[in-house]
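> Fold the following.
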Amino acid sequence: MTTRTSLKFTLASCSAAIAIVAAAQVASAADMPAPAPIAPVVGNFNFFDGVEYHVQGEAGILGNAANPVNGLNGAAINFGHLYTDHANEPELNQVLMTITKAVDPKATGYAFGFTAQGLYGSDMRFNHFLGLGAFAMRDDRNQIGVVQGFVAAHLPWFTKGGVDAKIGLFTSPQGYETLDPSTSPFYSHSYTYNYAVTFNHTGILTTTHINDTLDFWLGVDTGNQDTFGSTAVRVIPAAAVSPTLARDNGDPNGQPAGFVGFGLNNLANGKLTVLALSHIGAEQAPGSISPAGVALTGDPYGYKSDLRFYNDVVFTYKINDAWTAVLEGNYTHDDYGFGPTLGGPADFYSGVGYLSYTFAKIYTLNLRGEIARDNKNFYVATPLVNSGIALGEEGFGGAALSGVPGRGTTYGSITGGITIKPDVPKPFATVMLRPEVRYDNIIDGAPLYGAGVGVKRDQFTFGGDVIVGF
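Predicted coordinates for the structure are as follows:
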């Protein structure tokens, strides 16, 4: 048989076999029920999967060796402090209540989360959002309010690393120290944290991961500690210094603001990170700069056009597993300040250094040194009324300890302490003790410490806090 004949025979045999098999399958299928339809593929994403609930409390005391009786009703006040302002008195600083779903940090596609956070305690006096009940408990040292409420997302846009975004109410990303005490090295805060970085915002904040080294930050918000409000026409009361006239406008100047900056990661073989952020926007309220009893339309005194620039950069260097060094630099500028009669624009600039050494796993020694200059005594003040910060944001005066407006003061401060963080069983998430000692000094300018302004050039404080988290 020739090759061609053999090939024809083989093909014919295969065709016959295929036909026989097909006929058998058809005959068999006729006796079988119809197959069920294929179910569509449905995603299993649940927005509430992985939700966590946390409660954390902090209480402490910061003594003052001079026992300065310089506050209202004979209160002893630590000048230059906000969160640890009451000397020689125990304080319930905060009970921080958090509901959160974290965005997966390894996500490469779309991922979502959220955070809702409320705070009760003396710290809330300084962290209210205007327009959200900032004066509901104006006479109480311990107040309650919202400190965060945002939706978070990872978006696979623009770059391989994508974009991380927050939309809503969020705490400021500026500075090394934080409102959450468990992520800060000391009980007392630096002048820079108290007076020269923003506290919280309403808006959108994005971080675009350009590559493994560079992040680009961009955000739009209503300003520091603002929400939303209308100020098309304002009448400044004749008694503008009265706290009872505060109206809790969400945004007293009605102007947009926002963040811009960058982060650098994985420098120096992964040991060094840099975060440089600027927040720019109008922060003066009309009551702060215009005559009492005047009806305002437009922008006659520049409260909408004069800007404040908060500029802050943090260098964090992980020397090794035990040692960490941090350097923070700040320059803050307000176009108006106290106005032309008291020298015009006001500047604050500072440098803060931190050094931490962790040993025996549960102990961390901390050291902080700071030099800060308030060139018009515009920024550094300790309120003597419980709603003093919110009143200032609204443009109403309030009793406060401060230097003479228009002059300048240079502050020096050094703080030493230890963080003790023992291993704890459930249901505890963390227990921390942070004893500290601190020394403040007026390097240049009039004395501001002691029993009343203008008595002493230095101040010695000591104490600490306890943090318990679940």
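> just the helices in the protein please.
Ranges of helices in the chain, per DSSP state H, are 3-30, 191-195, 286-289, 388-394.
> And the second one, what does it pack against?
When contacts are defined as 3 or more Cβ pairs under 8 Å, 6 or more residues apart in numbering; DSSP states H and E, helix 191-195 sits against strand 346-359, strand 363-374. Every residue, glycine included, has its C-beta placed from N, CA and C.
> could these be laid out in JSON lines, adding distance to F462 and mean pLDDT?
Converted to JSON lines, those look like this (distance: least, Cβ to Cβ, whole Å; pLDDT from 0 to 100):
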{"stretch": "strand 346-359", "distance to F462": "19", "mean pLDDT": "97"}
{"stretch": "strand 363-374", "distance to F462": "15", "mean pLDDT": "98"}
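> Including mean neighbour count, could these go into CSV?
Listed next are the helices and strands packed on helix 191-195 as CSV, based on neighbours: other Cβ atoms under 10 Å:
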stretch, mean neighbour count
strand 346-359, 18
strand 363-374, 19
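> JSON lines please, covering those strands and showing distance to T430.
As requested, these are exported to JSON lines (distance: least, Cβ to Cβ, whole Å):
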{"stretch": "strand 346-359", "distance to T430": "15"}
{"stretch": "strand 363-374", "distance to T430": "13"}
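> how about the ones you listed, which one is nearest L92?
strand 363-374 (23.2 Å; Cβ to Cβ).
> can you tell which of the helices and strands packed on helix 191-195 is closest to D334?
Closest of these to D334 is strand 346-359, at 4.9 Å (criterion: Cβ to Cβ).
> Mind listing residues that contact the closest one?
Applying Cβ atoms under 8 Å, 6 or more residues apart in numbering, the contact partners of strand 346-359 are 176, 185, 190-192, 195-196, 321-334, 336-338, 364-376, 378-380.
> Got a PyMOL select line for the buried ones in those residues?
This is how PyMOL selects the buried members of those, with burial counted by 16 or more other Cβ atoms under 10 Å:
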select buried, resi 176+185+190+191+192+195+196+324+325+326+327+328+329+330+331+332+333+334+336+337+338+364+366+367+368+370+371+372+373+374+375+376+378+379+380
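> Point out where the stretch 351-470 of the chain drops to low pLDDT.
Filtered on pLDDT under 70, the stretch 351-470 of the chain yields the residue ranges 452-454.
> swap in the chain?
Ranges of the chain meeting pLDDT under 70: 1-47, 230-247, 452-454.
> If we use 90, what do you get?
1-50, 65-75, 105-106, 135-139, 228-254, 285-303, 341, 360-361, 391-399, 450-455 (pLDDT under 90).
> nearest residue to T419 other than its sequence neighbours?
T364 (4.3 Å; Cβ to Cβ, 6 or more residues apart in numbering).
> For the one you found, list each beta-bridge partner.
T364 has the following beta-bridge partners by DSSP bridges: T358, T419.
> Confirm for me that it is in contact with G417.
No. T364 is not in contact with G417 according to Cβ atoms under 8 Å; the separation is 9.1 Å.
> Report the separation between the two terminal residues of stretch 207-225.
Distance between the two ends of stretch 207-225: 21 Å, counting by Cα to Cα, to the nearest Å.
> Kindly apply the preceding question to stretch 250-262 instead.
29 Å.
> Kindly report the same for stretch 128-138.
OK, stretch 128-138 end separation, Cα to Cα: 11 Å.
> before we move on, what about stretch 375-387?
Start-to-end span of stretch 375-387 (Cα to Cα) is 25 Å.
> same check, this time on stretch 154-174
Using Cα to Cα, the end-to-end distance of stretch 154-174 comes to 21 Å.
> Then stretch 191-206?
The stretch stretch 191-206 measures 27 Å between its terminal residues, going by Cα to Cα.
> Quick check: bridge partners of A59?
For A59, the beta-bridge partners are L92, V466 (DSSP bridges).
> With D465 as the reference, measure out to it.
Computed as Cβ to Cβ, to the nearest Å, the A59 to D465 distance reads 6 Å.
> Which neighbours do these two have in common?
Joint contacts of A59 and D465 (Cβ under 8 Å, 6+ apart) are N93.
> which one of the two has more residues nearby?
A side-by-side neighbour count of A59 and D465, using other Cβ atoms under 10 Å, places D465 first with 24 against 16.
> how much space between the closest residue to that one other than its chain neighbours and G463?
In space, and not counting its chain neighbours, D465 is closest to G60: 2.8 Å by Cβ to Cβ, 6+ apart. For G60, the distance to G463 (Cβ to Cβ) stands at 6 Å.
> about what we covered before: list the residues that contact the residue nearest to D465.
So G60 contacts 84, 90-91, 93, 187, 434, 463-466 (Cβ under 8 Å, 6+ apart).
> of all those, which two lie farthest apart?
P90 and R434 (14.8 Å).
> Just want to know which of these two has more residues nearby.
A count of neighbours by other Cβ under 10 Å puts R434 above the other of P90 and R434, at 25 against 12.
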